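A.B. asks: Sequence below, structure please.
(2 chains)
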2 protein chains.
Amino acid sequence: MNQMETVKLVVVGSTAIDNIETPWAKRKNLLGGSASYACAAASFFTSVGMVGVVGEDFPPEYMDLYRRFGINLEGLQVKPGRTFRWAGAYEENMDERRTLLTELNVFATFRPELPPSYRAAPFLFLGNISPDLQAHVLDQVRRPRFIVVDTMDLWITMAVETLRAVIGRVDLLTLNESEARHLSGKHSLIKASRRLLDLGPKYVLIKKGEHGSVLFSREGMFLMPAFPLEDVQDPTGAGDAFAGGFVGSLAAGGRVSEGAIRKAMLYGSVIASFGVEAFSLDRLAALTIQDVEERASLFRNMCRVR
Amino acid sequence: MNQMETVKLVVVGSTAIDNIETPWAKRKNLLGGSASYACAAASFFTSVGMVGVVGEDFPPEYMDLYRRFGINLEGLQVKPGRTFRWAGAYEENMDERRTLLTELNVFATFRPELPPSYRAAPFLFLGNISPDLQAHVLDQVRRPRFIVVDTMDLWITMAVETLRAVIGRVDLLTLNESEARHLSGKHSLIKASRRLLDLGPKYVLIKKGEHGSVLFSREGMFLMPAFPLEDVQDPTGAGDAFAGGFVGSLAAGGRVSEGAIRKAMLYGSVIASFGVEAFSLDRLAALTIQDVEERASLFRNMCRVR
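C.D. replies: Numbers count the residues shown, from 1 in each chain, chains lettered A, B, ... in the order given. Next up is the predicted model:
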């Protein structure tokens, strides 16, 4: 996308430098963070603007990479200090992850400010940052058409009341299976989603990793399997790429309906499936929209009951 | 189905008396066994004949129940001795099961014999019994149009060579996720299914419980979620009800194609989802084909990308 284009989707989240270990590889100083994955994923579908913060040590080649994705960076603050650093290790089979290091650095004092050009964007994705900051972003926007919020266990434990209030101000809440259970106090995802819908959003989208995702609304459910992969190199950011691809694809269509949301979930899954085939944004950086459409069509066929 | 109808599907498997414990209930002397679940499930779609064995203690009311499902019982042997008994306990959340008791009784010397009226049936389901006995059944049939085989860990450990040979003689192998990994030696289900297809069947259908099922063929994959349930009373027999409903629905259509197989998987999931809503065959006994069609249509809608 061209930097001059009006931003249709604003993404707020973290940008990080990651060290990642898998059973087969160790990689250092990778570009990571929820905003990086979500913006890169969304950039295949729409003009996206990033709201985040990096330190003065942020590698210029990563800034270039953001630009190559066509991400608008007016909302990316560069602050004195070091960029947020995260390190994690995956177990055999990639289903369990241990955090080895969290160094907040400039992210500790992050205060998201939307440039004027972002404030009327019709789509907003509040990635996983503190509910206080998510609320601060909501205070700056002019009635977006559709707002998606993500969260994590930390905020459910530390700031559940603020989080509930934020959820009450958005259209769609996305979170993973265990977070949905934690926040609702219900094991059954059907019961959990009912409680979460009671907080106010029209939709609850539960991510189940390799088992796909489920969309809940007052009217019913949509079940989406995950695109099956033979080899996963690095699952980091899969949920963020899914969410970014999802909102990006929705923003591209413009109109929001249950049908559009289902189609957007398909595109979110496809982008996430590419993302985990390599470390960091490596696979997404090499991806074309033709690759995306091809896999989307293959995937659609894999899900179709005749 | 009428007992006089020609049997279109033959099901071979176990019939058992089960004691089952869940975190919320304890039930004794329930009708169980793979053939019971599979035949009951199939009976909604086609004329099904059971091949199995019971002891002289088998309760007449369970024989009546089989008849009420319209199951042809010519192939059910009644032998001196006690019926196969099984007891199991489910953990919280129903995802883990411990076997408390296995008493083979008359099942220890079971030798499946097909009545002449079964031998030309176009569809055959070899439920989970020893591969030796499965092979013995294959020796008695006249070129069925479609043969499905199920198995379990015990036979993968105890009789893998005979099992491989049986798999080479059927059209579709069905087994659960961990069994597919065990039999193939591959963790990735894509790689596992490739190995299993190399044994000879045209299709491999992997059951993933609450995460649905996946169909693999040389041409590709079909991903089917499970019908989402708020409360599961008793998961016993879910895999057998799925398989029975699947083959039964396939037999009803007559022609076998990938499209027909996908549709049959939908019906198998629907029947299995009803089955686990109560203990034993209680829910299936109260079910009408209208209930089945209604849930199938709801489920189809839940899976449809617009």
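A.B. asks: residue ranges of the helices in the stretch 51-200 of chain A, please?
C.D. replies: A:60-68, A:131-138, A:153-158, A:160-167, A:177-184, A:189-197 (DSSP state H, counting those that start in this stretch).
A.B. asks: residues in contact with the shortest one?
C.D. replies: Contacts of helix A:153-158 with the rest of the structure, by CB atoms under 8 Å, 6 or more residues apart in numbering or on different chains, involve A:Asn128, A:Ser130, A:Pro131, A:Thr162, A:Leu163, A:Ser178, A:Glu179, A:His182, A:Leu183. All C-beta spots, glycine's among them, are computed from the backbone N, C-alpha and C.
A.B. asks: how about 7 Å then?
C.D. replies: Outside helix A:153-158, the residues that touch it by CB atoms under 7 Å, 6 or more residues apart in numbering or on different chains are A:Ser130, A:Pro131, A:Leu163, A:Glu179, A:His182, A:Leu183.
A.B. asks: who's in contact with the last one?
C.D. replies: The contact partners of A:Leu183, by CB under 7 Å, 6+ apart, come to A:Ile156, A:Leu175, A:Leu196.
A.B. asks: and the first one, how far is that from chain B?
C.D. replies: What that stands for is A:Ile156. From A:Ile156 across to chain B, the span is 20 Å (CB to the nearest CB, to the nearest Å).
A.B. asks: What is the neighbour count of that residue?
C.D. replies: 19 (other CB atoms under 10 Å in any protein chain shown).
A.B. asks: for the one 3 residues further on, same thing?
C.D. replies: Per other CB under 10 Å, the neighbour tally for A:Ala159 reads 17.
A.B. asks: Now do the closest residue to it other than its chain neighbours: how many residues are near it, please.
C.D. replies: Leaving aside its chain neighbours, A:Ala159 sits nearest to A:Pro131 (5.0 Å; criterion: CB to CB, 6 or more residues apart in numbering or on different chains). If you count neighbours by other CB under 10 Å, A:Pro131 ends up with 22.
A.B. asks: quick one: pLDDT of A:Pro131?
C.D. replies: Per-residue pLDDT puts A:Pro131 at 97.
A.B. asks: again with A:Gly32
C.D. replies: Note on A:Gly32: pLDDT of 98.
A.B. asks: Dump the helices of the stretch 51-200 of chain A into TSV; add distance to B:Ala35 as well.
C.D. replies: Formatted as TSV, the helices of the stretch 51-200 of chain A follow (distance: least, CB to CB, whole Å):
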stretch	distance to B:Ala35
helix A:60-68	60
helix A:131-138	55
helix A:153-158	45
helix A:160-167	49
helix A:177-184	35
helix A:189-197	32
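A.B. asks: Of all the ones you listed, which one is nearest B:Leu266?
C.D. replies: Closest to B:Leu266 of those is helix A:189-197 (CB to CB; 19.6 Å).
A.B. asks: ok, then the element right after the closest one?
C.D. replies: Downstream of helix A:189-197, the first helix or strand assigned by DSSP states H and E is strand A:203-207.
A.B. asks: ok so, going back, with the contacts of helix A:153-158 in mind, which one is nearest to B:Gly32?
C.D. replies: A:His182 (35.9 Å).
A.B. asks: What sits closest to that closest one if chain neighbours are left out?
C.D. replies: A:Ile156 (5.1 Å).
A.B. asks: Report how many residues lie close to A:Ala165.
C.D. replies: Neighbour tally, A:Ala165, other CB under 10 Å: 16.
A.B. asks: can you pull the contacts of the spatially closest residue to it that is not a sequence neighbour?
C.D. replies: Leaving aside its sequence neighbours, A:Ala165 sits nearest to A:Ala135 (CB to CB, 6+ apart; 6.8 Å). Contacts for A:Ala135 (CB under 7 Å, 6+ apart) come out as A:Thr162, A:Ala165, A:Val166.
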